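> I need the structure of the sequence given here:
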Amino acid sequence: MNPFPLMTVGLLLGMEHALDADHVVAVSTIVSETRSLVRSLIIGIVWGIGHTATLLVVGLVVLFFGVAVPPWVTLSAEFLVALILILLGVQILWKYKKKRIHAHYHRHSDETHIHFHAHEATEAHTHEHQGSHVRKPLLVGMVHGLAGSAALLVLVLSTIRSPLTGILYILTFGLGSIVGMLTVSALIGLPFLLTLGRFERLHGGARVLAGLLSIGIGCSTMLQILSVW
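I've put the predicted structure just below:
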């Protein structure tokens, strides 16, 4: 059996899978916090690596042990994805609204006045934790890999008899998801970077929109899962 047609299908399905609404929104909330196109691209790649890592583990179990993924595991992962989307959205809105209060002392003759000044956190006041732009998309990608994509992968693997072909299919599917999310991260990251420092209101509005969409899709997904349970 020629494996190349199957690999091509896996690559295309992986790219299409990366465009799922919950994937795009989750990555959008993370990308909206970056100040570099390179970091935006890294976020997309790391998400894809985390996604592929989970799929590879699940796929190897299916291929070598013939164990099917129980429906409750997939539903639990979907519920966790919904919860993560809500938390990511809330985090974006919280950071946007967060103000820092500074006390300024002014002396006039024999009197001293204290003036409190609130403003948005700027780049000078923002400190990204080392590795946070890598850990977050990696974990989100791993959870996404255990959700709906695991069921899709198992369905295809059940028709493949060769373990080697199955592994190649998983890796090709994962490569497609990495390429797809890399493209999404670049397209999403550019507007945020172009408006940063130039059109602050537009930039802030885009961040708020990303947060609201994340919360909305997360709540909708959660309600659908609860209705099934």
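> What segments of this protein are strands?
With DSSP state E as the criterion, the chain has strands at 99-108, 111-120.
> What sits closest to Val179 if chain neighbours are left out?
Spatial nearest neighbour of Val179, excluding adjacent residues (C-beta to C-beta, 6 or more residues apart in numbering): Met15 at 5.8 Å. Backbone N, C-alpha and C define where each C-beta goes, glycine included.
> isn't the one you found right up against Phe173?
No: using C-beta atoms under 8 Å as the test, Met15 is too far from Phe173 to be in contact (9.3 Å).
> So those two - more neighbours on which side?
Higher neighbour count among Met15 and Phe173: Phe173, with 28 against 20, using other C-beta atoms under 10 Å.
> can you pull the contacts of the more buried one?
By C-beta atoms under 8 Å, 6 or more residues apart in numbering, the contact set of Phe173 is Gly10, Leu11, Leu13, Gly14, His17, Thr52, Leu55, Leu153.
> In ChimeraX, how would I select just the buried ones from the residues you listed?
Buried residues among the contacts of Phe173 (16 or more other C-beta atoms under 10 Å), as a ChimeraX selection:
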select :10,11,13,14,17,52,55,153
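> Same list as before, the contacts of Phe173 that is, but in CSV and with distance to Glu200 and pLDDT included.
Shown next, in CSV, are the contacts of Phe173 (distance: C-beta to C-beta, whole Å; pLDDT from 0 to 100):
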residue, distance to Glu200, pLDDT
Gly10, 43, 84
Leu11, 40, 89
Leu13, 40, 86
Gly14, 37, 87
His17, 35, 84
Thr52, 37, 90
Leu55, 40, 87
Leu153, 43, 71
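> Identify, from the contacts of Phe173, the entry nearest to Leu85.
Nearest to Leu85, judged by C-beta to C-beta, of the contacts of Phe173 is His17 at 16.7 Å.
> Helices of the chain, residue ranges please.
4-17, 21-31, 37-65, 71-97, 132-146, 148-157, 163-195, 200-228 (DSSP state H).
> Count the neighbours of the residue nearest to Ile178 when sequence neighbours are not counted for me.
Closest residue to Ile178 apart from its sequence neighbours, by C-beta to C-beta, 6+ apart: Gly48 at 3.0 Å. When neighbours are defined as other C-beta under 10 Å, Gly48 has 30 of them.
> what's the distance between Gly48 and Ala18?
As judged by C-beta to C-beta, to the nearest Å, Gly48 and Ala18 stand 7 Å apart.
> list residues touching both of these two?
With C-beta under 8 Å, 6+ apart, Gly48 and Ala18 have common neighbours Ser177, Ile178, Val179, Gly180, Met181.
> and those as a markdown table, adding distance to Pro71 and pLDDT?
Rendered in a markdown table, the data for the shared contacts of Gly48 and Ala18 read as follows (distance: C-beta to C-beta, whole Å; pLDDT from 0 to 100):
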| residue | distance to Pro71 | pLDDT |
| --- | --- | --- |
| Ser177 | 23 | 91 |
| Ile178 | 27 | 93 |
| Val179 | 30 | 93 |
| Gly180 | 26 | 92 |
| Met181 | 26 | 92 |
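> I appreciate the help and will end here.
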